[in-house]
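Peer 1: Show me how the following folds:
(2 chains)
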2 protein chains.
Amino acid sequence: MIRSARAFASVAPRATAIAAIARPAILRSIAVPLISIATSTSGSARSFSATPTPHSSKTVKLTSETYPEIKRADFSKISAEDIAFFKSVLPETAVLEASKDDLENYNQDWMRKYKGQAQIVLKPSNAEQISKILQHCNQRHLAVVPQGGNTGLVGGSVPVFDEIVISLTNMNKVRSFDPVTGILVADAGLILENADQYVAEHGFIFPLDLGAKGSCHIGGNVATNAGGLRLLRYGSLHGSVLGIEAVLADGTIVHNLSKLRKDNTGYDLKQLFIGSEGTLGVITGVSILCPPRPTAVNIAFLGLESFEKVQETFVKAKRELSEILSAFECMDNTTQDLVEMHTDLVRPLSEKYPFYVLIETSGSSKEHDDEKLAAFLESAMSGENADGSTSEPVILDGVLAQDSTDVHNLWQWRELIPEALSKNGGVYKYDVSIPLNRLYDLVIDVQKRLADGGVVDGDAHNSSPDALPVIAAAGYGHIGDGNLHLNVSVRRYDKAVEKLLEPYVYEWIEKVQGSISAEHGLGLQKKNYIGYSKNEGMLALMRRTKNEYDPNGILNPYKYL
Amino acid sequence: MIRSARAFASVAPRATAIAAIARPAILRSIAVPLISIATSTSGSARSFSATPTPHSSKTVKLTSETYPEIKRADFSKISAEDIAFFKSVLPETAVLEASKDDLENYNQDWMRKYKGQAQIVLKPSNAEQISKILQHCNQRHLAVVPQGGNTGLVGGSVPVFDEIVISLTNMNKVRSFDPVTGILVADAGLILENADQYVAEHGFIFPLDLGAKGSCHIGGNVATNAGGLRLLRYGSLHGSVLGIEAVLADGTIVHNLSKLRKDNTGYDLKQLFIGSEGTLGVITGVSILCPPRPTAVNIAFLGLESFEKVQETFVKAKRELSEILSAFECMDNTTQDLVEMHTDLVRPLSEKYPFYVLIETSGSSKEHDDEKLAAFLESAMSGENADGSTSEPVILDGVLAQDSTDVHNLWQWRELIPEALSKNGGVYKYDVSIPLNRLYDLVIDVQKRLADGGVVDGDAHNSSPDALPVIAAAGYGHIGDGNLHLNVSVRRYDKAVEKLLEPYVYEWIEKVQGSISAEHGLGLQKKNYIGYSKNEGMLALMRRTKNEYDPNGILNPYKYL
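Peer 2: Sure, this is the predicted structure:
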């Protein structure tokens, strides 16, 4: 039963009807303090826990040691003349040298999983400087790595060997904003959160939101085609990015910072740079369309009995919440049990259910959104539809956030999952896209395969060194986007488990024509697995494109393709 | 004053307040039968008049005669062996020959402005057949023109000389539809209206709507990156198209019919085909994300005193109507005077205003949308804002549609403009994108230039053969998308007028970094003007792309670049 001070009062007659018609045994009240409908005007309360915390105690192996099969390509070594050239283009302070400066933050990713050996970091201030640098590097066959906020998850933004790092940090200005159209033009190094705050002052919202928003750059977001939390509502960057400025390997500056929503004059080449992870050019500027900022945000947290019901709820939410639906996240009970075990949070619902769904709405009228959400939830719980027909109820229980604290707490049950799953030792992580009707089947099949393989001991409290390695395979993610995070929580990393998981998982995804990387990109980590999601014909075309734009292969080598 | 049975009753107290505070003289009642708030469940009533009517009496000159400067390139001539080969790939009925069949509909565009001389039309049924055909044509250096519904406006889909037409007409099937996600996969030759009707049965809407929807193909829509009436709400095809199947010049089939909303595995090459107008490959299949179909649609027709007020109204509408705003069209009074002159429609507002705006909302709750629209309109007319502040009223008068007849009638004042402007003799048409704050300046500058040039006689009723050629320069269009249609209505085509207009208009657009083709593409018509919207660097990259995909240049030659 939906319990909330306001909603309960207004829906009481129907709620009674629900109890009367159906399954009183599973319409539960909740043990936690009463939570009810609320507004968050910022819409950003949810990202509280998503900013990554580096494990600073971990010793980081050089990537070249972790992956001895990767050999340094035949690039030139940096000479004193090269450094002198860079100093002729940039101010002294924008040329960092390993001999004098600490380059660790540029050589390592934030997870401390990858570690390069760059000897030089360059911090240009404009596209012209980058043009001169790349022209030189291209002629000299010097490899480079463009680097934004360095918040990626696949090792794409750090060097592998001694590539020169081109950091966009000093390019962090808003170039223009049109408060009539919402079109923002900015340097690629502008931090996402700063971009969002800037447009928020004018009543707009940046059409992308990420846990790493306090560090990541909008140029890096575009270069990796970041997905994040607002994709369900505002679509992909391929739709919202209107233009880019980029520098090609040979120093050519691509001036395409269009401020036009519609432009059909020739091939839309900027699209190639979106998601190219710095392998075709260095993105130096971005033009993007920002929508009006919603003033009302609601959160509901629901319990469901099966993944079929999750899908039905999604269809119903898309239809009935339609233009105000802004997030639809799903978590299985395994994820919630582990969050409960490793935190002191009180579960939002008093009973356990096989699946949970977190729904967010964002709109321009709190009153209207409350009404839509209440009507949707009542109908979903009672099975009484707006057209008078009745059907099986699709949700069993739920709560609504009352204020921003509730919003924060409910989002925790989604946001703390990654950490909770790794707390017992480690976690094997897969970020994949799967056609929605098959999405959770992957989790079930992996669970069965691991159980059949005799590697599972499901008692999470068993910490005996003799216990079998796997605790559980769990699934959660941006279900509204068809994006599943399959996580296998383990007591320890184990070759037998790895052999059961790979290539099984990739082959499974290939069979259903899914994607082995929904939103995190390829980088170094998934470079070798792209073949499971793209056929040889597509790969051949991609290689031709790379060769056309960067014939010497100096841009972000060893990665992507 | 907003006049509508329902809205009037519900807003009466405020409406009185409006009259009391401000400008009673310009708050007009309306002479037409009372029109009030209404729903159109289909949302398609508005396209009534937009399907083009060919001028069948006009004699069509061969394109090669109209443009003698275009010379046939060194392609092979079709031989008996070629025809025999095509007949080995396709059924007899799918190979049309000029010697036996009437090819006029394939050789001419619907405007009867361009006329090619194709001797062969091929109508394949699948990508494999097209692959064999293109492989053969590429080896033999035979030029081809891919053709969809042949509804384009720039001559892109008809041959110039004797290119072989590959018609997609026989590829018109829905391949799959997922009623959970709204993802449709279909042959490229599926007619847009059929696609929309198909998904409508499942409660979804095709994210594109065009006047030509009864004839145009979804593959052609993708190939030309069609904009249309739903772009403001659902964004561009670059965001909604999830995958394509295409055949390259050498016969390679690009299998990329992804059904995934998120996929970051490699370069997003499908984007290149969107808007490439058949010059990189033949699109044979499309995968596209369809949003839930709105169940409530409202239309308001407003009078405004300046283009500044139009912009203010747009900002206000984006903010207050936000997620339900689905169209924002603007027309100047010149366009309305000419519609009035050439039709028997009764003007929706009793007084004339310099500008008119047509606002459409689409949402999932009629009641909520009515409330939002009423609140928006009252505040816009009274200057009393929701936060208690007051400002200058932005709109002077308006009406709301009461039923689908009203919806139809109000849309007429927008949809009949093109025809009305051409009725006095002819019209010079420019479909351009301009940053919104400069958008209408182009019309004003062109009006002044024509007046200074001594070519204007503004009395539209003067049909004397001695009258000066120009009646008026008028502006209208999808203002919400920054897309202006500048139309110069003339008594006769005149070299002096042309010299005043070109290259002036293109140079003007170049100066404000606009686009010389917002949504109609380049085709044959605008091929030579792309340089006004794209710099030489971009053009060089585009040429490299063309050369990479189609080194022999057999795909849709003489056009685009």
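Peer 1: and the helix or strand containing residue A:486, C-alpha only, in PDB?
Peer 2: Assigned by DSSP states H and E, residue A:486 belongs to strand A:483-490. This file holds the C-alpha atoms of strand A:483-490, laid out as PDB (Å, rounded to 0.1, in the frame of the first residue of the first chain):
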ATOM      1  CA  ASN A 483      20.900  -1.000 -19.400                       C
ATOM      2  CA  LEU A 484      21.700  -3.800 -16.900                       C
ATOM      3  CA  HIS A 485      24.500  -3.900 -14.400                       C
ATOM      4  CA  LEU A 486      25.200  -7.500 -13.800                       C
ATOM      5  CA  ASN A 487      27.400  -7.800 -10.800                       C
ATOM      6  CA  VAL A 488      28.800 -11.000  -9.300                       C
ATOM      7  CA  SER A 489      29.700 -10.500  -5.700                       C
ATOM      8  CA  VAL A 490      32.600 -12.700  -4.500                       C
END
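Peer 1: Just checking: what are the partner strands of it?
Peer 2: Strand A:483-490 has its sheet partners listed here by DSSP bridges as strand A:426-433 (antiparallel), strand A:470-477 (antiparallel).
Peer 1: Make JSON lines out of these and add distance to residue A:520, mean pLDDT and mean neighbour count.
Peer 2: In short, each C-beta sits where N, CA and C put it, glycine included. Listed next are the strands paired with strand A:483-490 as JSON lines, based on distance: least, C-beta to C-beta, whole Å; pLDDT from 0 to 100; neighbours: other C-beta atoms under 10 Å in any protein chain shown:
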{"stretch": "strand A:426-433", "distance to residue A:520": "5", "mean pLDDT": "90", "mean neighbour count": "22"}
{"stretch": "strand A:470-477", "distance to residue A:520": "12", "mean pLDDT": "96", "mean neighbour count": "25"}
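Peer 1: Contacts made by the next helix or strand after the strand holding residue A:486 with the rest, please.
Peer 2: Downstream of strand A:483-490, the next assigned helix or strand under DSSP H and E is helix A:495-501. For helix A:495-501, contacts defined as C-beta atoms under 8 Å, 6 or more residues apart in numbering or on different chains pick out A:428, A:446, A:449-450, A:453, A:455, A:469-470, A:488, A:490.
Peer 1: Could you check how far helix A:495-501 is from the centre of its chain?
Peer 2: Chain-centre distance of helix A:495-501: 26 Å, with C-alpha atoms, centre = their mean, to the nearest Å.
Peer 1: in it, what counts as buried?
Peer 2: A:497, A:500-501 (16 or more other C-beta atoms under 10 Å in any protein chain shown).
Peer 1: picking up where we left off before, of the contacts of helix A:495-501, buried ones?
Peer 2: A:428, A:446, A:449-450, A:455, A:469-470, A:488, A:490.
Peer 1: count of neighbours near residue A:62?
Peer 2: A count of nearby residues for residue A:62, using other C-beta atoms under 10 Å in any protein chain shown, gives 14.
Peer 1: show me what contacts the spatially closest residue to it that is not a sequence neighbour?
Peer 2: Once flanking residues are discounted, residue A:62 sits nearest to residue A:115: 5.0 Å by C-beta to C-beta, 6 or more residues apart in numbering or on different chains. Residues in contact with residue A:115, defined by C-beta under 8 Å, 6+ apart, are A:60-63, A:107-108, A:158.
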